[in-house]
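Participant: quick one, structure for this:
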Amino acid sequence: MTRRIVLLHGLWLPGISMRWHAARLADAGFVPEIFSYATIAGGPTAALPRLVDTLARADTHVLAHSLGGLVALTALQQAPDLPVRRVVCLGSPLCGSAAATGLAGRSLTAATLGHSAELLQRGCGRWDGTAQVGVVAGNRPLGLGRYFGHLHGPSDGTVAVAETYLAGLADHIVIPASHTGLLFSSPAALQVAGFLRDGRFQH
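Facilitator: This is a model prediction of the structure:
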(Lines give C-alpha, C1' and ligand atoms only; values in the text may rest on other atoms or scores of the structure.)
Protein backbone atom coordinates (compact mmCIF):
# COMPACT_ATOMS: atom_id res chain seq x y z
CA MET A 1 0.00 0.00 0.00
CA THR A 2 1.21 3.51 -0.81
CA ARG A 3 2.25 5.24 2.43
CA ARG A 4 3.69 8.53 1.21
CA ILE A 5 1.27 11.46 1.18
CA VAL A 6 1.91 15.06 0.12
CA LEU A 7 -0.22 17.72 1.83
CA LEU A 8 -1.11 21.08 0.26
CA HIS A 9 -2.59 24.06 2.11
CA GLY A 10 -5.12 26.60 0.90
CA LEU A 11 -5.27 30.31 0.18
CA TRP A 12 -3.67 32.72 2.70
CA LEU A 13 -2.42 29.82 4.83
CA PRO A 14 1.10 28.54 5.55
CA GLY A 15 2.18 24.93 5.30
CA ILE A 16 1.91 24.59 9.07
CA SER A 17 -1.89 24.69 8.67
CA MET A 18 -1.69 21.08 7.45
CA ARG A 19 0.27 19.83 10.47
CA TRP A 20 -2.78 18.55 12.35
CA HIS A 21 -3.78 16.30 9.45
CA ALA A 22 -0.15 15.29 8.94
CA ALA A 23 -0.02 14.06 12.54
CA ARG A 24 -3.28 12.11 12.16
CA LEU A 25 -1.99 10.50 8.97
CA ALA A 26 1.29 9.56 10.64
CA ASP A 27 -0.72 7.92 13.43
CA ALA A 28 -2.59 5.95 10.75
CA GLY A 29 0.66 4.62 9.28
CA PHE A 30 1.23 7.09 6.44
CA VAL A 31 4.37 9.13 5.75
CA PRO A 32 3.29 12.78 5.35
CA GLU A 33 5.18 15.56 3.57
CA ILE A 34 3.88 19.14 3.64
CA PHE A 35 4.27 21.11 0.41
CA SER A 36 4.35 24.88 1.04
CA TYR A 37 3.88 27.50 -1.65
CA ALA A 38 3.12 31.21 -1.95
CA THR A 39 -0.60 31.48 -2.67
CA ILE A 40 -0.64 35.24 -3.35
CA ALA A 41 2.75 36.41 -4.63
CA GLY A 42 3.59 33.27 -6.59
CA GLY A 43 0.30 31.46 -7.00
CA PRO A 44 -0.34 28.15 -8.75
CA THR A 45 1.73 28.92 -11.85
CA ALA A 46 4.89 29.40 -9.81
CA ALA A 47 4.16 26.39 -7.57
CA LEU A 48 3.31 23.83 -10.25
CA PRO A 49 6.82 22.94 -11.54
CA ARG A 50 8.08 22.33 -8.00
CA LEU A 51 4.95 20.38 -7.08
CA VAL A 52 5.30 18.16 -10.17
CA ASP A 53 8.91 17.43 -9.18
CA THR A 54 7.81 16.60 -5.63
CA LEU A 55 5.05 14.26 -6.74
CA ALA A 56 7.31 12.54 -9.28
CA ARG A 57 9.78 11.28 -6.67
CA ALA A 58 7.81 8.19 -5.62
CA ASP A 59 4.34 6.68 -5.51
CA THR A 60 2.19 8.98 -3.43
CA HIS A 61 -1.23 10.16 -2.33
CA VAL A 62 -2.27 13.79 -1.93
CA LEU A 63 -4.34 15.58 0.71
CA ALA A 64 -5.21 19.16 -0.18
CA HIS A 65 -7.29 21.87 1.46
CA SER A 66 -9.29 24.42 -0.55
CA LEU A 67 -7.08 26.06 -3.21
CA GLY A 68 -4.58 23.24 -2.69
CA GLY A 69 -7.01 20.81 -4.30
CA LEU A 70 -7.19 22.92 -7.43
CA VAL A 71 -3.41 23.18 -7.55
CA ALA A 72 -2.98 19.42 -7.10
CA LEU A 73 -5.46 18.47 -9.81
CA THR A 74 -3.99 21.06 -12.18
CA ALA A 75 -0.56 19.47 -11.67
CA LEU A 76 -2.01 16.05 -12.47
CA GLN A 77 -3.74 17.39 -15.56
CA GLN A 78 -0.49 18.92 -16.80
CA ALA A 79 1.61 15.85 -15.95
CA PRO A 80 -0.78 12.86 -16.23
CA ASP A 81 1.98 10.27 -15.75
CA LEU A 82 2.75 11.33 -12.18
CA PRO A 83 2.63 8.33 -9.77
CA VAL A 84 -0.23 9.74 -7.69
CA ARG A 85 -2.71 7.05 -6.61
CA ARG A 86 -5.38 8.89 -4.64
CA VAL A 87 -6.24 12.52 -3.90
CA VAL A 88 -8.50 13.83 -1.14
CA CYS A 89 -9.67 17.43 -1.39
CA LEU A 90 -11.00 19.19 1.71
CA GLY A 91 -13.51 21.90 0.83
CA SER A 92 -11.94 22.60 -2.56
CA PRO A 93 -14.08 24.67 -4.99
CA LEU A 94 -13.30 22.34 -7.87
CA CYS A 95 -15.87 23.87 -10.21
CA GLY A 96 -15.06 27.47 -9.26
CA SER A 97 -15.59 29.69 -6.23
CA ALA A 98 -18.41 32.25 -5.95
CA ALA A 99 -16.62 33.84 -2.99
CA ALA A 100 -13.45 34.30 -5.06
CA THR A 101 -15.48 35.79 -7.91
CA GLY A 102 -17.03 38.21 -5.43
CA LEU A 103 -13.64 39.20 -4.03
CA ALA A 104 -12.19 39.63 -7.52
CA GLY A 105 -15.06 41.91 -8.50
CA ARG A 106 -14.40 44.45 -5.75
CA SER A 107 -11.57 46.94 -6.12
CA LEU A 108 -10.76 46.85 -2.40
CA THR A 109 -10.45 43.06 -2.21
CA ALA A 110 -9.34 41.90 -5.67
CA ALA A 111 -5.64 42.04 -4.76
CA THR A 112 -6.13 39.66 -1.83
CA LEU A 113 -6.40 36.73 -4.25
CA GLY A 114 -3.10 37.54 -5.94
CA HIS A 115 -2.05 35.10 -8.65
CA SER A 116 -4.54 32.49 -7.43
CA ALA A 117 -7.57 34.49 -8.60
CA GLU A 118 -7.98 32.91 -12.04
CA LEU A 119 -7.78 29.28 -10.89
CA LEU A 120 -10.12 29.88 -7.94
CA GLN A 121 -12.76 31.41 -10.20
CA ARG A 122 -12.36 28.94 -13.06
CA GLY A 123 -12.02 25.64 -11.23
CA CYS A 124 -10.86 22.40 -12.84
CA GLY A 125 -13.67 21.57 -15.30
CA ARG A 126 -13.87 17.80 -14.91
CA TRP A 127 -11.59 14.99 -13.78
CA ASP A 128 -10.54 12.23 -16.16
CA GLY A 129 -7.09 11.38 -14.81
CA THR A 130 -5.92 8.02 -13.46
CA ALA A 131 -5.76 9.05 -9.79
CA GLN A 132 -8.85 8.39 -7.71
CA VAL A 133 -10.17 11.70 -6.37
CA GLY A 134 -12.45 12.08 -3.37
CA VAL A 135 -13.86 15.22 -1.79
CA VAL A 136 -14.78 15.95 1.82
CA ALA A 137 -17.06 19.00 1.97
CA GLY A 138 -18.35 20.83 5.03
CA ASN A 139 -21.86 22.12 5.71
CA ARG A 140 -21.36 24.42 8.71
CA PRO A 141 -21.66 27.95 7.24
CA LEU A 142 -19.08 29.68 9.44
CA GLY A 143 -16.80 31.80 7.27
CA LEU A 144 -16.34 35.15 5.57
CA GLY A 145 -16.85 33.80 2.07
CA ARG A 146 -20.62 34.05 2.39
CA TYR A 147 -20.29 37.83 2.62
CA PHE A 148 -18.43 38.14 -0.69
CA GLY A 149 -20.26 35.72 -2.97
CA HIS A 150 -23.72 34.20 -3.05
CA LEU A 151 -23.25 30.59 -1.92
CA HIS A 152 -26.16 28.54 -3.22
CA GLY A 153 -27.38 25.83 -0.87
CA PRO A 154 -25.39 24.29 2.00
CA SER A 155 -21.85 25.59 2.48
CA ASP A 156 -18.91 25.59 4.88
CA GLY A 157 -19.10 29.38 5.07
CA THR A 158 -16.53 29.87 2.30
CA VAL A 159 -17.26 27.20 -0.31
CA ALA A 160 -20.70 25.89 -1.27
CA VAL A 161 -21.09 22.11 -1.20
CA ALA A 162 -22.24 22.33 -4.83
CA GLU A 163 -18.90 23.94 -5.75
CA THR A 164 -17.01 20.87 -4.50
CA TYR A 165 -18.61 18.43 -6.95
CA LEU A 166 -16.73 17.55 -10.12
CA ALA A 167 -17.49 15.07 -12.89
CA GLY A 168 -15.21 12.07 -12.58
CA LEU A 169 -14.88 11.98 -8.78
CA ALA A 170 -14.48 8.56 -7.18
CA ASP A 171 -16.46 9.62 -4.08
CA HIS A 172 -17.87 12.66 -2.27
CA ILE A 173 -19.03 13.12 1.30
CA VAL A 174 -20.41 16.01 3.37
CA ILE A 175 -19.59 16.32 7.07
CA PRO A 176 -20.49 18.88 9.77
CA ALA A 177 -17.50 21.24 9.53
CA SER A 178 -16.70 24.79 8.49
CA HIS A 179 -14.07 25.62 5.88
CA THR A 180 -11.34 26.20 8.45
CA GLY A 181 -12.79 23.50 10.68
CA LEU A 182 -11.97 20.89 8.02
CA LEU A 183 -8.33 21.40 8.99
CA PHE A 184 -8.98 20.17 12.54
CA SER A 185 -11.89 17.77 12.10
CA SER A 186 -11.60 14.25 13.50
CA PRO A 187 -14.43 13.00 11.21
CA ALA A 188 -12.54 14.49 8.24
CA ALA A 189 -9.33 12.74 9.31
CA LEU A 190 -11.13 9.40 9.55
CA GLN A 191 -12.66 9.87 6.11
CA VAL A 192 -9.30 10.85 4.61
CA ALA A 193 -7.55 7.76 5.98
CA GLY A 194 -10.42 5.54 4.84
CA PHE A 195 -10.34 6.88 1.29
CA LEU A 196 -6.56 6.55 1.07
CA ARG A 197 -6.81 2.91 2.17
CA ASP A 198 -9.94 1.79 0.31
CA GLY A 199 -10.70 4.36 -2.41
CA ARG A 200 -14.05 5.26 -0.85
CA PHE A 201 -15.47 7.14 2.12
CA GLN A 202 -17.41 5.66 5.02
CA HIS A 203 -20.96 6.74 4.23
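Participant: list the contacts of the residue positioned nearest the centre of the chain.
Facilitator: The centroid of the chain falls nearest to residue 69 when counting by Cα atoms, centre = their mean (2.8 Å). By Cβ atoms under 8 Å, 6 or more residues apart in numbering, the contact list for residue 69 reads 8, 87, 89-90, 92, 94, 135. (Glycine included, C-beta is placed from N, CA and C.)
Participant: could you export those residues to a markdown table, including columns for distance to residue 28?
Facilitator: Putting the contacts of residue 69 into a markdown table (distance: Cβ to Cβ, whole Å) gives the following:
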| residue | distance to residue 28 |
| --- | --- |
| 8 | 18 |
| 87 | 17 |
| 89 | 18 |
| 90 | 16 |
| 92 | 21 |
| 94 | 25 |
| 135 | 19 |
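Participant: for the residues you listed, which one is nearest residue 196?
Facilitator: Distance to residue 196, by Cβ to Cβ, is smallest for residue 87 among those, at 9.4 Å.
Participant: so the closest one, which of the three states?
Facilitator: Reduced to three states with DSSP: H, G, I helix; E, B strand; the rest coil, the structure at residue 87 is strand.
Participant: for the lowest-mean-pLDDT helix or strand in the chain, name the packing helices and strands.
Facilitator: Within the chain, confidence by mean pLDDT, DSSP states H and E is lowest for helix 98-104 among all helices and strands, at a mean of 83. Where contact means 3 or more Cβ pairs under 8 Å, 6 or more residues apart in numbering; DSSP states H and E, helix 98-104 is packed against helix 117-122.
Participant: still on that earlier bit, which strand or helix spans the residue nearest to the centre of the chain?
Facilitator: Using DSSP states H and E, residue 69 maps to helix 67-78.
Participant: low-scoring stretches of this structure, by residue?
Facilitator: 143-150 (pLDDT under 70).
Participant: all strands for it, in order.
Facilitator: 4-8, 31-35, 60-65, 84-90, 132-138, 171-175 (DSSP state E).
Participant: can you list the strands that the first one pairs with?
Facilitator: As defined by DSSP bridges, the strand partners of strand 4-8 come to strand 31-35 (parallel), strand 60-65 (parallel).
Participant: quick one on the thing from earlier: would you turn the strands of the chain into CSV with mean neighbour count and distance to residue 20?
Facilitator: Converted to CSV, the strands of the chain look like this (neighbours: other Cβ atoms under 10 Å; distance: least, Cβ to Cβ, whole Å):
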stretch, mean neighbour count, distance to residue 20
strand 4-8, 24, 10
strand 31-35, 18, 11
strand 60-65, 26, 11
strand 84-90, 26, 11
strand 132-138, 25, 14
strand 171-175, 18, 15
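Participant: and of those strands, who's closest to residue 99?
Facilitator: strand 132-138 (13.7 Å).
Participant: each with direction, which strands does the closest one pair with?
Facilitator: Counting by DSSP bridges, the strands paired with strand 132-138 are strand 84-90 (parallel), strand 171-175 (parallel).
Participant: of those strands, which is nearest residue 193?
Facilitator: Closest to residue 193 of the strands paired with strand 132-138 is strand 84-90 (Cβ to Cβ; 9.3 Å).
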